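Chemist: Model the following, please.
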Amino acid sequence: MTLDVRDIRIGYDGRMVLHGLNFHVHQGQVLTIIGPNGVGKTTLLRCINAMLKPKTGAVLIENADVFRMRASEIAKRMGYVAQRNDAGRMTAFDAILLGRKPHLRWSVSVDDLRKVDAALNQLDLQHLALRHINEMSGGELQKVCIARALVQEPSVLLLDEPTSSLDLKNQLEILRTIQHIVHEHQLTAVMTMHDLNMAIRFSDVLLCLKEGNIFFCGNCDELTVDIVQQVYGIDVDILRHQGNTLIIPR
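Modeler: Numbers count the residues shown, from 1 in each chain. Okay, the predicted model is just below:
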């Protein structure tokens, strides 16, 4: 499965936010969008999911244009995990089951229930299946939201700041889970992140936005001091430690 973004231009309030973006993500890859605050990372993610319609351009999944699809068809192809998720009064099991909505016919089938159970097992949530999500920690709730996206059986996962407001342990656990799922099931994933070190560690490709344009798109080991300095306006060093790349502000 390949995701192609072609000539995406988005503007509102009389100004252009994204200027003719072009990139693609291959099956089995995690692409992470990075860049300063307000540069359009979330806007781009919402556009890929057809939640925002661009002034020009197309988003293609296996050459099928997302903007020509019905909402139910998009939901079968893309799983979207928002930066902020409402924690209503429902159990984790029921919240995950909502992800099967695009596939439901007259009623919930045994197969639907099995898929929810499989997602609970995959994300180690079995012990929380009957707990109400408004009683969960941030990390637990984020896992539930990822599980809900997975039971949609999407080809593409979209995750907006999946580690926002999580402690270090939960950040690592969530990102390891995403990386494992994408590589094991050969999905395509697009994330937005602020933490450059986490992005480098858990991504296959980095896409860096600056002033509404793609300033850099490539493998993580191609990111240079000059790129980071020009995009973020700070002096940094890039170090290698035990196989990991670290960006350290001077």
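
Chemist: Please go through the chain and pick out the longest helix.
Modeler: Counting by DSSP state H, the longest helix found in the chain is helix 168-185.

Chemist: Can you mark which positions in that helix are buried?
Modeler: Judged by neighbour count using 16 or more other Cβ atoms under 10 Å, the buried positions of helix 168-185 are 170-171, 173-175, 177-179, 181-182. From N, CA and C alone the C-beta is placed, and that goes for glycine too.

Chemist: Just the element for the residue positioned nearest the centre of the chain, please.
Modeler: Closest to where the C-alpha atoms of the chain average out (Cα atoms, centre = their mean) is Leu159, at 2.1 Å. Taking DSSP states H and E as the definition, Leu159 sits inside strand 156-160.

Chemist: now the angle between helix 168-185 and that strand, please.
Modeler: For strand 156-160 against helix 168-185, the angle by axes from the mean of the first three to the mean of the last three Cα atoms, to 10 degrees is 160 degrees.

Chemist: oh, and call the first residue 218 from now on, that's how I've got it
Modeler: Okay, using 218 as the starting number, the last item reads as strand 373-377.

Chemist: who touches strand 373-377?
Modeler: 218, 220, 258-259, 262, 265-266, 278, 294-300, 363, 366-367, 395, 398-399, 404-409 (Cβ atoms under 8 Å, 6 or more residues apart in numbering).

Chemist: just how off-centre is it within its chain?
Modeler: Put simply, strand 373-377 sits 3 Å off its chain's centre (Cα atoms, centre = their mean, to the nearest Å).

Chemist: try stretch 382-389
Modeler: Relative to the chain's own centre, stretch 382-389 is displaced by 16 Å; criterion: Cα atoms, centre = their mean.

Chemist: how about Val445, what does it touch?
Modeler: Val445 makes contacts with 413, 451, 453, 455, 464, as judged by Cβ under 8 Å, 6+ apart.

Chemist: can I assume Pro379 sits in a helix?
Modeler: No: assigned with DSSP: H, G, I helix; E, B strand; the rest coil, Pro379 falls outside any helix and is coil.
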